[in-house]
Every structure is written in structure tokens, then in C-alpha cells.
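Asker: model this:
(2 chains)
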Amino acid sequence: MPEAPALVAIRVTVNGRAHSLSVEPRMLLVELLRETLNLTGTHIGCDTSFCGACTVMLNGASVKSCTVFAVQADQGEVLTVEGLAKNGELHPIQQAFVEHHGLQCGYCTPGMLLSTLQLLEKNAHPEEKDVRKAIAGNCCRCTGYQNIFKAVADAARRLDKDKS
Amino acid sequence: MLSSLGPEARLLAGGQSLIPLMKLRLAAPRHLVDLNFAPGLSHIDSAGSQLRIGAMTRHAELEASADARRVPILHDCAAGIADVQVRNRGTIGGSLAEADPTGDWAPVLLALEAEVVCLGPQGQRVLSLASFIQDAFTTALVPAELVREIMVQTPAAKSGGAYFAFKACAPVYAAASVAAQLTLEDGVCSAAGIFLGAVALTPVHAAQAEAALMGKPVNEKSIAAAAEAAAAACDPPADLRGSKDFKRALVRALVARALDAAHRRARGESVEVSHLYA
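Answerer: Alright, predicted model coming up:
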């Protein structure tokens, strides 16, 4: 057996909270979130960089957290599904998914929400083709996506209204 | 640092191929040197007729770049690689250095006759991309050498290109892809670069397809002849992504589409191109 590698000290801010941690260099970001920080809202669906259930924001860009090492988040900011709701109120994207039944089993939902956030931050008025492209890396095995498209469109309207 | 760690060290760029390979135990490097914190490797500089793209430039940055959009085939490629999350991490230099037979950048950059700037303990050298790619997953990089930059000459005014990849869905490997860049002079094709991806261990240079266009007007007839020649030029392996015949038919169709879009762009039309899903 190879000897255990030395732990690496990292500082990472997750959902606004700063953490100083020592991690194995091989630890994945999703493992840090789920197993060290107990933020189990981020799901591991495939662990092969396919399904997108583990999508989180790292320094403002959506990433598959099963395909990033925890040490790569050093000095960085991570946003997970737990960071979306504020003061007990669902984020407008979450509310839109609830109202349009944009989920069934809910396994893919955390990733869908973060991919929707990434889309709407860059494009406040997406057409359906933009929505399709934005969630092409998020696999849903229940819904057939139709209600997800409706939810994303409604989320765009809600966020737009909040701004004005 | 890389030289001191020895041959079992690997460079980590975007990690969107290397990390999955490590999880499958297909790669087990003893050390990883993470380039994500290294300065000076991420830029898109446009000077005169040359575009210099830093190796650690993310696909998403190229997708959003106005400079890259002026070479439409670059935008076609960048905007269609895998999915948003992978494009946010994956890099152009990492893609070339990995030399995966299904990689998107290699056929596109070969059609643009790109050059690769490599930096190592012996200094810097510039290689044509054609000589940089040696075999599947094998490049001309020597130990402790890395890709620093990719250099692309901006095509002439009456030149147009297009890239199409066909795949089952966004995050999977393409069954086949085609990059084509055409230049027109007095109504006929005066230069052509056609490269096929994912149908062999390295990108296939469809020279006979180029010959079918040279000196001729680009129309239905010459495009059909070029598409036929390209399909004959490759011998794709049958695998889960399709049989040999299916992939040949795919190459024929993709070459026709790519040439049509490239030709229209060469004539100044704006043409939207995106990767195709089954």
C-alpha cells in the first residue's frame, strides 16, 4: 500500500461561511461538501462527470464537483443548493421548480437549480434553445424535461421582476 | 517542479478528462502539478492576423470571446464541447495535450493550420499541430514540457469554416466530427482544409476531399464529390457509438453540412452552427 499522502491545508468559503480545513490531495470537491461539511444537498449521481447532479458554483462558474479536487477550491468561493434559500424563503428558481413540478424524485434537482442559476446570471431572457443548451449537462431520469423548461422560463420571469 | 518530480508526475489542466480517467484507475499519476494556479497561461490575444490563445484558456472563455467569434469555426467548436460545466473548467491546451481521438479541438485547429508553442526545461519551441499530434493520447511533448500557447492565423477575408460534431447527447464522446475551412477566389475554391475527428486514432486529413474542391466552384456537385471522398478516406472503428457503415454515412453528411456552412460564411453570410445530437 502506498503511504497516505500528507494533508493539505485549504481555506474555502462555502455558502458565505469560511472554513479552514486539512484535506487529502485526492479528495474531490463533492466529497468535501458532503462528507466533511455535511452539505448533502449536492448529490453524486454517476461520479463519471456525466450526470450533473453534483453541479455547484465555484468562483461564479458552474462545475461538476465530482470532477474538481477539493484542494482546487483553495481560496475560492463555493455555492451549493443549501446556499440558495435566504431567511427561510426559497430562491425564485427553487420556487419556480416547485410550482411547475420541475422535479419528481428530486435527485437531479440540486444540479438543475445551479445550472439554471448559471444560465440566468449570463442570460436574463433565455429562449428555449438556450435553456436546452444550459441544462444539457444535467441528466433527469424522471420528468422528460418539459416541466423543467417551464420552471426555468418562469424562474427567468421571477428574477427579472425582482430586479425591476 | 515537473522535472524534479520525475516521470510519474502529470500536469493537471482543466481536469475534465484526467480526473475521470484517474477515478477509473486508467491513469494513476503519483504527482499532479495543478496549472490552474499558474499565471500567464490564460489569454486570447489578437494582434494583426494572429490569434494567440493561452493553453489554460477555458472552452467557455473561447465561447464568449469576440476575438474567437471572428473565426467562426473556433466558436462552433468551443460552444459545443460537452456541456456548460465541462466548458467552464476544460482548457484548449489540456485538450490538445491529451490527444484523445475524439477531442474536438484537434480537427478544428488542424484545418486552421495552428501552431503549438511548447515550453520545457530546454526552452521554447514551436511545432505545427500536425507534428505535435503523434498518435492516440501521444504528443511530441517531452517530459517536463508543457503547452504554453496555441497560435492561429486569422483566415483571409474570403475564407469561411465550420465544425460539426455528432453525438448522442452533450456530455459524451462524438461518433464523428468534421472541420472544414475554405477560401474562395474569383468564385472558385482556392484553398481547403478538411479534417475528420473521432473516426481514427488521430484526426484524418481528407486530402482527396480537398482536391475535389480545389479550383472548382463550391456547389452541390463539388460538395457531394468532396463528401464522398471524405467518407472513402476514413476507416472508422465500429464501437458503441456506431458501426463502420453508420460512421461513414455520418462523415459524408457532416462534410456536406460543414462545407455548405463554410462556403456561405466565406461569402459573408452569418450562419449559426451547433453540435448535433442523436
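
Asker: quick one: secondary structure of residue A:35?
Answerer: Look at residue A:35: counting by DSSP: H, G, I helix; E, B strand; the rest coil, its state is helix.

Asker: what's the neighbour count on the residue of chain A found nearest chain B?
Answerer: Minimum separation of chain A from chain B (CB to the nearest CB) falls at residue A:137, amounting to 2.5 Å. Where you see a C-beta, it was placed from the backbone N, CA and C, and this is true even at glycine. Here the number of neighbours of residue A:137 (other CB atoms under 10 Å in any protein chain shown) works out to 25.

Asker: tell me, how many neighbours does the residue nearest to it when sequence neighbours are not counted end up with?
Answerer: In this structure, residue A:137 finds its nearest non-sequential neighbour in residue B:83, 2.5 Å apart by CB to CB, 6 or more residues apart in numbering or on different chains. Neighbourhood size, residue B:83 [other CB under 10 Å]: 26.

Asker: let's verify residue A:126: helix, strand, or coil?
Answerer: Criterion first, three-state DSSP; result for residue A:126: coil.

Asker: that one touches residue A:116, doesn't it?
Answerer: No - using CB atoms under 8 Å, residue A:126 is not in contact with residue A:116, being 9.5 Å away.

Asker: who touches both of these two?
Answerer: With contacts taken as CB atoms under 8 Å, 6 or more residues apart in numbering or on different chains, the residues that reach both residue A:126 and residue A:116 are A:134, A:152.

Asker: can you tell me which residue sits nearest the middle of the chain?
Answerer: You didn't say which chain, so I picked chain A. residue A:56 (3.0 Å; CA atoms, centre = their mean).

Asker: wrong one, I was asking about chain B
Answerer: residue B:105 (1.9 Å).

Asker: that one contacts residue B:94, doesn't it?
Answerer: No - Residue B:105 lies out of contact with residue B:94 (CB under 8 Å); the separation is 9.6 Å.

Asker: just to revisit the earlier point, quick one: which helix or strand includes the residue nearest to the centre of chain A?
Answerer: Taking DSSP states H and E as the criterion, residue A:56 maps to strand A:55-58.

Asker: contacts for that strand?
Answerer: Contacts of strand A:55-58 (CB under 8 Å, 6+ apart): A:29-30, A:33, A:42, A:62-65, A:68, A:72-73, A:76-80, A:110-111, A:114-115, A:117-118, A:137-138, B:85.

Asker: what subset of the residues you listed is buried?
Answerer: A:29-30, A:33, A:42, A:62-65, A:68, A:72-73, A:76-80, A:110-111, A:114-115, A:117-118, A:137-138, B:85 (16 or more other CB atoms under 10 Å in any protein chain shown).

Asker: of these, which belong to helices?
Answerer: Using DSSP state H, the members of the buried ones among the contacts of strand A:55-58 that fall in helices are A:29, A:30, A:110, A:111, A:114, A:115, A:117, A:118, B:85.

Asker: I figured the first one hits residue A:70, correct?
Answerer: Yes - the criterion here is CB under 8 Å, and residue A:29 meets it with residue A:70 at 5.1 Å.

Asker: before we move on, back to that, adding distance to residue B:111 and pLDDT, write the ones in helices among the buried ones among the contacts of strand A:55-58 out as CSV.
Answerer: Formatted as CSV, these follow (distance: CB to CB, whole Å; pLDDT from 0 to 100):
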residue, distance to residue B:111, pLDDT
A:29, 36, 98
A:30, 37, 98
A:110, 40, 98
A:111, 35, 98
A:114, 35, 98
A:115, 31, 98
A:117, 36, 98
A:118, 31, 98
B:85, 27, 98
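
Asker: so what does the residue nearest to residue A:137 have for phi and psi?
Answerer: The phi and psi torsions at residue B:83 (degrees, to the nearest 10) take the values phi -130, psi 180.

Asker: looking at it now. What's its pLDDT?
Answerer: With respect to pLDDT, residue B:83 scores 97.

Asker: any idea where the strands of the stretch 101-250 of chain B begin and end?
Answerer: Taking DSSP state E, counting those that start in this stretch to define them, one finds strands in the stretch 101-250 of chain B at B:115-120, B:123-128, B:133-135, B:138-139, B:146-153, B:159-167, B:176-185, B:188-197, B:204-205.

Asker: any idea which of these gets closest to chain A?
Answerer: strand B:159-167 (10.5 Å).

Asker: mind listing what's buried in the closest one?
Answerer: Quick answer for strand B:159-167 (16+ other CB under 10 Å): B:159, B:160, B:161, B:162, B:163, B:164, B:165, B:166, B:167.

Asker: same deal with stretch B:229-248?
Answerer: Quick answer for stretch B:229-248 (16+ other CB under 10 Å): B:229, B:230, B:231, B:233, B:234, B:236, B:241, B:242, B:247, B:248.

Asker: and the strand or helix carrying residue B:68, how far from the chain's centre?
Answerer: Using DSSP H and E, residue B:68 sits in helix B:66-69. Relative to the centre of its chain, helix B:66-69 is centred 16 Å away, using CA atoms, centre = their mean, to the nearest Å.

Asker: quick one, the helix or strand just after it and strand B:146-153 angle?
Answerer: Next in sequence after helix B:66-69, counting helices and strands by DSSP H and E, comes helix B:72-80. Counting by axes from the mean of the first three to the mean of the last three CA atoms, to 10 degrees, helix B:72-80 lies at 140 degrees to strand B:146-153.
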